[in-house]
Structures are given as C-alpha cells and as structure tokens.
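J.: Sequence and predicted structure are below.
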Amino acid sequence: MKQRPVIYQVFTRLFGNTNTARKVNGTIEENGCGKMQDIDTGVLRSLRDMGITHVWYTGVIRHATTTDYTSWRIPSQTPMVVKGKAGSPYAITDYYDIDPDLAQDVDRRMDEFMSLVRRTHEAGMKVVIDFVPNHVAREYHSVCKPEMVRDLGETDDATLHFSTRNNFYYCWGQPLDVSCLPQPEEGMPRYEECPARATGNDHFDCRPGRDDWYETVKLNYGIDYCDAGGRSEHFDPIPDTWSKMTDILMFWASKGVDAFRCDMAEMVPAAFWAWATDKVKFAYPHIQFIGEVYDPAQYRRYIGAGFDLLYDKVGMYDCLRDVISGRRPAADITRQWQACDDILGHTLYFLENHDEQRIASDFFAGDPRKAVPGMMVCAWLHPNAVMVYAGQELGERGMDQEGFSGRDGRTTIFDYWSVDTLVRGYYDRRRLKKTERALRDSYARILRMANEVPALREGLFYDLMYVNAPLAARQYAFLRKAGKHTALVVINFDPDAIRTEVVIPRHAFEFLQLTEGQHVATDLLSGQRLELGLKADTGISLDVPGYGAVVLSFTA
C-alpha cells in the first residue's frame, strides 16, 4: 500500500519536559529540559495510533547554547552570539554531534539518539531530522567529526572575501561590529571576530543588526554575492563546501535517519542539491529530502534538484490561514492547488510549525476548533504530505512569554521551557481537558483517514466549487475516487451547521466514470448511512456540521 507521509514535528527540547517552574529566561537547572529518552515507546505508539507516519525531531544536532558542557569536553559559546539561554537549534556548532541538552548521559548522547531512532522504527514510523545547510553558529567547532574530516573554515584563506576553496565569506581586514548585539553582563566575555564573516541571512558586511541572524555565519557554496555583477556562480571545480556538507548528510543517513528537513533550502543553490541528493540517494535510496522553499516560482527547480517534498507555505498555508480567519473565501483554495497542479505529490501542507503562530493564539484564530476544517483540506484534498506540530492537536495557544521568545503566539525555540498541553497530552493524561481530548480525537480521525481511506490516500480528484457558487464563501466541496470507491467531501469553515445542496456536474461523472442512480453511502465521520441519489447537474441535499465535514463513501 502506498503510504502518504503524515509528519509530526517534535521540538525535542520541550516535548518531554514536565518541569513546571517556567521561569522567564530560566536556565536548564531552573526550567528543566526534555530528553530523547522521554519520547518512549508509549508516546510513540500514541503518535502512530493518531495516524503519524514520520516524526521530525527538531533540534537534535548540537547547537549554540549558554549552558556549560566543558566538563564533557564540549566547547562553550559566548552568550553575545547565542539567542536565548538554550539557543537556536538552527545555529549548529557541530554537525557531527547530538545536542547534550537532550541526553540523560551526556557521554552517551549519540547512543541515546540511536535508541530513539530504533524506538521510532519499531513503532512503525520514520525519522526526520533537520539539515541546516545555509549557515552555522559563529563559534562552530566540531569535536566529534570523523578522523580525516577537515572542519568548516579550517583551511579557509581569510584574506579573501570569496573563494570556492573557502567555507565562509570574509569582510577582509574588518572586525565584526558587535555594537548592535546584546551586550554582555559585567564579568562576562565579549565576542570578537576578525575578519568578520557574512551573517547567515545574506548580510555581507561586518555590521549585522539585532534583526539579522547575527548568531550565524553564511556558508559558501560557490556563489559570489558581491562581485561586479552582483552575483556570480562558480561551481567548477566543485566548491569545498559541497563535499563537506554531503559528507554530513551521508553521516546521518548511516545512523538510520529516513529523511532530512532542509532548512532555508532555497538560500542554497539548486546545483548543490542536485549534486548532493544524487549521491545520498545512490547510497541510501530510501532517503527523502523535504525543502523549506518559500518562493513558488522556485518549486519546480528544487524538485528537479532532488527534493521529494516542499513546504507550500506562501500558497496553501497562507490561503488556509486567511480562510480560517475570514479574510478570504473558501473558493480561493482552488486557485492555490491549481498553481501546483503538476507537482501536488511533492507538496507538504500544514497549519503550524515552529516558525508560525499557533492556531489557538490571539494572533491567529483564538480557537483551535476553527482550524479543523483547514486540517481536513490539508489531509484529504490531494495525495500531498501533511504535517502537524506537537501540541497543535491539543489546542496549544503559544501565548507564554518564555524569555528571548516573547509573547508572540509561537512556542519558543530559544528558551528552556515546558508546554503544559504536551505534559497533559502525553505524560499526565488524567489532567487532559475534555476539549483537548475531543480535539485530539478529531485530529486522529482526520489523519488516520488520510491513509486508511484509499480514495483520500491516492484517488483521483475533482473540484466541485466551479458549479457550487453558494458554497464559495465558507464551504469547500470535492470528489475523490480510487477504483470503484468514491468519496464526496463537503467541508464547513463556519461554526454553525448548514443544510446545503451540492451539485455534481456531468463532466465529473464522465471524468470519474460515475453512474447515475440510487446508491447507499456512509458518512465516514458520523457512521450514518443514507440513500444517495446521483444525477448529473442536480443538487444533493446534505447536512454539514459546524467546523466539520461530511465524507460520503459510496460505490458508483
């Protein structure tokens, strides 16, 4: 059976942390930290029972932090170039190491990661980790790299702004201006860097601002961003960074990882991806690459370079957020899938991840139930992959003020913290609220159906909106068919139940080879059986619950 990827993103540091102190800007000693061992067999089975096929463990590779691990021979970082007490998981300090925060026994942190991989596989799911190719922490230094591996920047010529033999870009002769960076407390060390290196968000002078990715440095893949023409490519001979980063992918593939979620993939040239994915997939044919690409005009280019899945953030996510929030009609969903009609199997639909605001936050919908219809669209519309962020299925609001991350509707990626909804949902279920339990049950039903119902998993698709104008504002209707089994789906974004008529045009009967007449249909959500009279260009009367749907399954 072809399986559709249903990805569950876990921010590993937070997920298993049951410490309730939650002190603003608290240390790991004060606020605690989730461990890889906390994600045990019971938790994993619970996720699998919810319909999850892949678990994305965010933040498992060692990254910049203010926590001192020098007793374990792990270099410390200067707080000036670390965001928050815990640090960003996207400021990598050693591509070949596991983050010590996540280990019960720091000396055995890689063994603990391997155990997590085995547990996940034994639970019937695949493992996804981040690959952060565009930038590294300012104080990157690998202490765990294999013998004979040269560290990033180890052989750079810092007198050159740009060279294909260099891993970084240099502002020759100019020290890093740290005046805009957070200043150290009295007695704390100051960060110094000379010559300055380009900052990760393509800031190529020595003066990054507070809104820049100042804690990171840009990696050089053979593009000179500051030459006379503004940007030129130098890919022959192969730049040194290409080989080093491909070796890192091979290292993690050898550890049993099944897929890489590639951070800011479009900031790295497609030519590198084509070169690297070809080599990795030749050695490990099962490996998948998931790309964070925001420019829809670049989607096909990066798919051609070896990506299996791409975020459809600017397209479907932005559209669904606006539909949920009442800023766009539901009919706009049609325009979004049509823009990716030829690559729908390569798209990843979602409503939350670590970058986006929580659905239940004051900044988005304020009520997690409002997004249930949106999740139905994500999971049932096409054979695309779908993703859920840990806590989304429980209505996590993301309204804590944790420290470096303020009260912004997002769950922090910079601070030591615990998420009470996750504690209740996976470690103390007796405290789970009735509304949280009901919401999780809804997500489980939606996600399981995405793979258990053949018509929704891999069936043909027919959009019904062009002949159902009365539905355009707040409802969305379509057909899916696999073999002899058809599903008529009508989704309601409004809070109130509606009675409506849905027209199936003659062209749909021809395209899907449907037969007119009386058919017995079952609503896969309610279990209700009803007589369904199918006639081309004639309306079918249906009752659709608020923030819900009908999914009528029949043979025709």
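T.: Received the coordinates, thanks. Numbering: from 1, shown residues only.
J.: Secondary structure class of the closest residue in space to residue 140 that isn't next to it in sequence, three-state.
T.: Leaving aside its chain neighbours, residue 140 sits nearest to residue 93 (5.4 Å; criterion: CB to CB, 6 or more residues apart in numbering). In short, each C-beta sits where N, CA and C put it, glycine included. Recorded secondary structure, residue 93: strand (DSSP: H, G, I helix; E, B strand; the rest coil).
J.: same deal with residue 243?
T.: Per three-state DSSP, residue 243 ends up helix.
J.: One more: residue 374?
T.: Assignment for residue 374 (three-state DSSP): helix.
J.: burial count for it?
T.: 27 (other CB atoms under 10 Å).
J.: Could you tell me which residues make contact with the nearest residue to it once chain neighbours are set aside?
T.: Leaving aside its chain neighbours, residue 374 sits nearest to residue 320 (4.4 Å; criterion: CB to CB, 6+ apart). For residue 320, the contacting residues are 333, 351, 374, 377, 378, by CB atoms under 8 Å, 6 or more residues apart in numbering.
J.: Also residue 551?
T.: 380, 449, 453, 456, 487, 488, 489, 523, 524, 525.
J.: Confirm it sits in a strand?
T.: Yes - assessed with three-state DSSP, residue 551 lies in a strand.
J.: Beta-bridge partners for it, please?
T.: Counting by DSSP bridges, residue 551 is bridged to residue 489.
J.: Start and end of stretch 336-347, how far apart?
T.: 12 Å (CA to CA, to the nearest Å).
J.: Just the element for the residue nearest to residue 374, please.
T.: Assigned by DSSP states H and E, residue 320 falls within helix 318-324.
J.: returning to that earlier point: show only the entries of the contacts of residue 320 found in helices.
T.: Mapping the contacts of residue 320 onto helices (DSSP state H) picks out 333, 374, 377, 378.
J.: Skipping adjacent residues, who's closest to the first one in space?
T.: This means residue 333. Counting by CB to CB, 6+ apart, residue 476 is the residue found nearest to residue 333 once chain neighbours are left out, at 5.6 Å.
J.: Any idea how far whatever helix or strand that neighbour lives in is from the middle of the chain?
T.: Assigned by DSSP H and E, residue 476 falls within strand 475-482. Computed by CA atoms, centre = their mean, to the nearest Å, the chain-centroid distance of strand 475-482 equals 26 Å.
J.: mind listing what's buried in that strand?
T.: 475, 476, 477, 478, 479, 480, 481 (16 or more other CB atoms under 10 Å).
J.: Dump those residues to a markdown table, plus pLDDT and distance to residue 406.
T.: A markdown table is the format used below for the buried residues of strand 475-482 (pLDDT from 0 to 100; distance: CB to CB, whole Å):
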| residue | pLDDT | distance to residue 406 |
| --- | --- | --- |
| 475 | 98 | 37 |
| 476 | 98 | 35 |
| 477 | 98 | 41 |
| 478 | 98 | 40 |
| 479 | 98 | 45 |
| 480 | 98 | 43 |
| 481 | 97 | 48 |
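J.: closest to residue 263 among the residues you listed?
T.: Residue 263 lies nearest to residue 476 out of these, by CB to CB, at 31.7 Å.
J.: From residue 491, how far off is the closest one?
T.: 5 Å (CB to CB, to the nearest Å).
J.: any shared contact partners between these two?
T.: Joint contacts of residue 476 and residue 491 (CB under 8 Å, 6+ apart) are 330, 373, 377.
J.: Sort out which one of those residues lies nearest residue 365 for me.
T.: residue 373 (11.0 Å).
J.: quick one: the strands in the stretch 351-500 of the chain?
T.: 385-389, 460-463, 475-482, 485-492, 498-504 (DSSP state E, counting those that start in this stretch).
J.: Deepest in the core, which of these is it.
T.: strand 385-389 (a mean of 26; mean count of other CB atoms under 10 Å).
J.: So what touches the longest helix along the chain?
T.: If you go by DSSP H, the chain has its longest helix at helix 434-452. With CB under 8 Å, 6+ apart as the contact definition, helix 434-452 has outside contacts at 3-4, 6, 49-53, 368-369, 372, 375-376, 379-380, 386, 388, 392-395, 421, 424-425, 456-457, 524-525, 551.
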